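Chemist: Here is a sequence with its predicted model. Questions after.
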Amino acid sequence: MRVLTIVMGETLEARNAVIEALGNHLNVDIRTYWQPDDAFFDLLRDNEIANAMLADVAGRQVADGNVAEKVTTQKKVIRDVLVGRERSPESRDLAAALDEIPGRKLTNRCGFRTADQWAKVRSLFASE
């Protein structure tokens with residue numbers, strides 16, 4: 001699997017439907033390879049997307065309770081959930097929420113190429 005990972009990383013074009021199909025077929029668990037870091041949170045500046053991430057990791061009730069908060073506050077709550085300070089039965093891993101294969105949009109406001117590419121090949125796979 002390590003060799004396959006390197007070969008894929010070196011030879012396949014990112015952001016196309018083939019990658020989404022392979023990710024689905026190989027049942028890739030991105031949490032093995034990535035966790036959100038300071039750079040990730042520094043780049044997160046959108047209130048709607050931060051709130052959607054908060055809903056993913058802490059549940060809809062927590063997200064709704066923080067919807068009017070600034071992005072900085074929502075990012076702090078997300079971090080607190082991730083390190084276990086504010087875990088709840090609805091809490092889940094942010095890497096799993098963000099890097100699900102197939103990818104999905106966090107907001108309907110704009111396009112998301114990964115989700116759009118998956119939509120092109122989804123019908124080729126049997127549903128589970």
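Modeler: Perfect, thanks for sending it.

Chemist: okay, CA-based contacts and neighbour counts for the rest of this
Modeler: OK.

Chemist: Quick check: what element follows the least confident helix or strand in the chain by mean pLDDT along the chain?
Modeler: In the chain, no helix or strand scores lower on mean pLDDT, DSSP states H and E than helix 94-98, which sits at a mean of 58. Note on helix 94-98: by DSSP states H and E, the next helix or strand toward the C-terminus is helix 113-121.

Chemist: Do me a favour and average the pLDDT over that following helix.
Modeler: For helix 113-121, mean pLDDT rounds to 74.

Chemist: Which positions within that helix qualify as buried?
Modeler: Residues of helix 113-121 classed as buried: Thr114, Ala115, Asp116, Gln117, Trp118 (neighbour count, 16 or more other C-alpha atoms under 10 Å).

Chemist: Which member of those is positioned nearest Gly65?
Modeler: Ala115 (28.0 Å; C-alpha to C-alpha).
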